[in-house]
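S.K.: Requesting a structural model of the entry that follows:
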Amino acid sequence: MQEKPLLEFVGVHAHYGPVEALKSVNVHISRGEIVSLIGANGAGKTTLLSTIFGMPRASSGRVLHKGEDISGLATSRVARRGIALVPEGRQIYQDMSVEENMMMGTTPIGMAHFEEDRATMFDLFPRLKERRNQTAGTMSGGEQQMLAIARAMMARPELILFDEPSLGLAPLVVKRVFEVISEIASMGKTIFLVEQNANHALKLSQRAYVMVNGAIHLSGESAALRDNEEVRKAYLGLH
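M.R.: Next comes the predicted model:
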């Protein structure tokens, strides 16, 4: 029997008041994949991620995790299922230290593995080890992004959602962020990557979806989408 997708959106609609933000979205992510969702600013990409945690709730359709409908669950219960979000704009706790931010990441699972997982994260992000007692808000944007990733990893998630991880970062830092996402995937994590930087996203992922005005416009193998004339013109700046 074929394994159910790790995460699946089936005919998902979502609204902000009277405004329809998602229109019958069908997306699936299988265990071990890196799947990207690209599209212009305001296309509905962040809204799609937010429906996983019920903010907003899907007004119709279903969000499935391992075949179970999670669209009615509380945010905390979704997090305890092994799904973690690295949010747009990082949203770290500015007044807490690096280490305290990492502790906050353990909320869904408790502190039993804290020492071990902190050591793993400090190996992955040596800069965080150097700055473990520094107030997070005083760090650079790139360092804060690394902290946001480390915080998400502290919950030992099976599936990690990345929302615009390259936003506002210098090109060299962006390159490092995508290298880190690749390293995390090689640890056996499944990745759903929402990203405006289509070039980086399509290079990293195996499959991808293109969202336009709240609906899935195109989908397929990432390499094929990179060669697609419409994608090249609209998202890669190539003609």
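S.K.: Convert the longest helix belonging to the chain to CSV, retaining C-alpha atoms only.
M.R.: Scanning the chain for the longest helix, with DSSP state H as the assignment, gives helix 171-186. Extracted C-alpha coordinates of helix 171-186, given in CSV (Å, rounded to 0.1, in the frame of the first residue of the first chain):
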residue,chain,number,x,y,z
PRO,A,171,23.1,37.4,-1.3
LEU,A,172,26.0,35.6,0.5
VAL,A,173,23.8,35.0,3.6
VAL,A,174,21.0,33.8,1.3
LYS,A,175,23.4,31.2,-0.2
ARG,A,176,24.2,30.0,3.3
VAL,A,177,20.6,29.8,4.3
PHE,A,178,19.8,27.5,1.4
GLU,A,179,22.9,25.4,2.1
VAL,A,180,21.6,25.0,5.7
ILE,A,181,18.1,23.9,4.4
SER,A,182,19.8,21.3,2.2
GLU,A,183,21.8,20.0,5.2
ILE,A,184,18.7,19.8,7.3
ALA,A,185,17.0,17.8,4.6
SER,A,186,20.0,15.4,4.6
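S.K.: Compute the mean per-residue pLDDT across it, please.
M.R.: The average pLDDT within helix 171-186 is 95.
S.K.: partners of whichever helix or strand comes after that helix in the sheet?
M.R.: Using DSSP states H and E, the helix or strand that follows helix 171-186 towards the C-terminus is strand 190-194. Strand 190-194 pairs in its sheet with strand 34-38 (parallel), strand 159-163 (parallel), by DSSP bridges.
S.K.: Strands along this protein, start to end?
M.R.: Under the criterion DSSP state E, strands of the chain are mapped to 7-16, 19-29, 34-38, 60-65, 68-69, 83-86, 159-163, 190-194, 207-212, 215-221.
S.K.: With distance to residue 110, mean pLDDT and mean neighbour count added, can I get those in TSV?
M.R.: Placement of C-beta: from N, CA and C, glycine included. TSV is the format used below for these (distance: least, Cβ to Cβ, whole Å; pLDDT from 0 to 100; neighbours: other Cβ atoms under 10 Å):
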stretch	distance to residue 110	mean pLDDT	mean neighbour count
strand 7-16	24	97	19
strand 19-29	27	97	18
strand 34-38	28	97	26
strand 60-65	21	96	19
strand 68-69	23	96	12
strand 83-86	15	96	23
strand 159-163	19	97	24
strand 190-194	22	98	24
strand 207-212	34	97	22
strand 215-221	37	97	16
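S.K.: re the thing from before, now the longest helix of the chain and strand 34-38, what's the angle there?
M.R.: With axes from the mean of the first three to the mean of the last three Cα atoms, to 10 degrees applied, the angle from helix 171-186 to strand 34-38 works out at 140 degrees.
S.K.: so which of the strands of the chain gets nearest residue 106?
M.R.: strand 83-86 (11.0 Å; Cβ to Cβ).
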